[in-house]
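The following comprises the amino acid sequence and a computationally predicted model.
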Amino acid sequence: MRKPARWKKEAVTLTYVLGDVHGRADRFRAMLDRIRFTGQDTLYLLGDMIDRNPDGIELLQQVRKTENMQMILGNHEHMMLQALAEPTRPLFGRNEKRDLWYYNGGEVTHRAFRSLEKTEQRALLDWLAGLPLNLELNCAGRDWLLVHGSPAASFPTRGHAYPDETSYAVWERLDPFTENDFPELTILCGHTPTVYFRAANPMEIVRNGNVICLDCGCAFPQRVGGRLACLCLETDEVFYTD
Ligand SMILES: [Mn+2]
């Protein structure tokens, strides 16, 4: 007897989390195929859809227009917002925020952004400026906290080196082996490729205590172990691109 090919998806709706796609639309598409993402499921994105590879703007537009995809702000979107908000100095053409953004792989994103209609540019920037720093959700019987770099709520106690809560939340690297400010929550974080915490090629997600690090280096080529990882909250299943 032949099994219906998509039997699982008819029965349940699932919640997925991934992050740090960094302009790789090919890997993002491959992941949506792999998890058989449907209109009934929800996908949460941990920020850093842009930079280092060419498809960031297209990815942001896709997320913005897809109702069942929710995104938090990454440091790369934060850099983009700051670079485009700062006026370029008339005499020497300097824009320090833009220099920082380009240094971190933003030039390819800026080029794609400039090719958009002005109204689309404005809409995209307004949407980015409204993205939350963290998201809390209750799913599969647990309370989850989604962060790009670190929980914003730790800023008052840990954020001395940062000018404001936003910079802290998007830039500070949460260390799953030393930090446990919110033991009642399961923290999902991106931002730091997991080889930073545990050597593996290809990279694998790292879990320690109540922290799960999902950035498996999608920005980087396959030969250095880069790939996209995605976690399903209901089943605890981890998916990887090739
Ligand atoms: Mn980041």
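Received the coordinates, thanks. If you're wondering where the values come from, they're calculated on a predicted model, not measured in any experiment.

Where does the prediction get shaky in the chain?
The model of the chain has pLDDT under 70 over residues 1-11.

what does it put close to the ion?
48, 74-75, 191 (CB under 5 Å from the ion). Every residue, glycine included, has its C-beta placed from N, CA and C.

and the residue of the chain found nearest the ion, what are its phi and psi?
With CB to the ion, the shortest gap between the chain and the ion falls at His191, namely 3.8 Å. The phi/psi pair for His191 (degrees, to the nearest 10) reads phi 80, psi -40.

count of neighbours near it?
Other residues lying near His191 total 26 when counted by other CB atoms under 10 Å.

quick one: contacts for the closest residue to it other than its chain neighbours?
Excluding the flanking residues, the one nearest His191 by CB to CB, 6 or more residues apart in numbering is Gly149, at 4.5 Å. Gly149 sits next to 75, 168-174, 189-192 when contact means CB atoms under 8 Å, 6 or more residues apart in numbering.

Looking at those residues, state which has the most neighbours.
Ala169 (30 neighbours).

Assess the claim that that residue and Phe155 are in contact.
Yes: shown here, Ala169 and Phe155 form a contact pair, counting by CB atoms under 8 Å, at 6.9 Å.

What segments of the protein are helices?
Listed in chain order, the helices found in the chain under DSSP state H are 7-11, 25-34, 56-65, 75-85, 96-103, 107-114, 118-129, 155-158, 165-171.

Any idea which of these gets closest to Gln222?
Nearest of those to Gln222, taken as CB to CB: helix 25-34 at 9.8 Å.

quick revisit: which ones are touching the residue of the chain closest to the ion?
19-20, 46-48, 74-75, 148-149, 170-171, 173-174, 215.

Go again with 6 Å.
Taking CB atoms under 6 Å, 6 or more residues apart in numbering, we find His191 in contact with 148-149, 215.

cool, and Gln70?
Applying CB under 6 Å, 6+ apart, the residues near Gln70 are Tyr44.

next one: phi and psi at the residue nearest to His191?
According to degrees, to the nearest 10, Gly149 has phi -100, psi -60.

what's the burial count for the closest residue in space to Asn68 that isn't next to it in sequence?
Leaving aside its chain neighbours, Asn68 sits nearest to Thr42 (5.0 Å; criterion: CB to CB, 6+ apart). Close neighbours of Thr42, defined as other CB under 10 Å, add up to 18.

swap in Ala129?
Residues near Ala129, counting by other CB under 10 Å: 12.

Also the one 5 residues further on?
As a burial measure, Asn134 scores 19 neighbours (other CB under 10 Å).

on that earlier part again, can I get the contacts of Gly149 in JSON lines with distance to Arg223?
Shown next, in JSON lines, are these (distance: CB to CB, whole Å):
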{"residue": "Asn75", "distance to Arg223": "25"}
{"residue": "Tyr168", "distance to Arg223": "34"}
{"residue": "Ala169", "distance to Arg223": "32"}
{"residue": "Val170", "distance to Arg223": "28"}
{"residue": "Trp171", "distance to Arg223": "28"}
{"residue": "Glu172", "distance to Arg223": "29"}
{"residue": "Arg173", "distance to Arg223": "24"}
{"residue": "Leu174", "distance to Arg223": "27"}
{"residue": "Cys189", "distance to Arg223": "25"}
{"residue": "Gly190", "distance to Arg223": "22"}
{"residue": "His191", "distance to Arg223": "22"}
{"residue": "Thr192", "distance to Arg223": "20"}
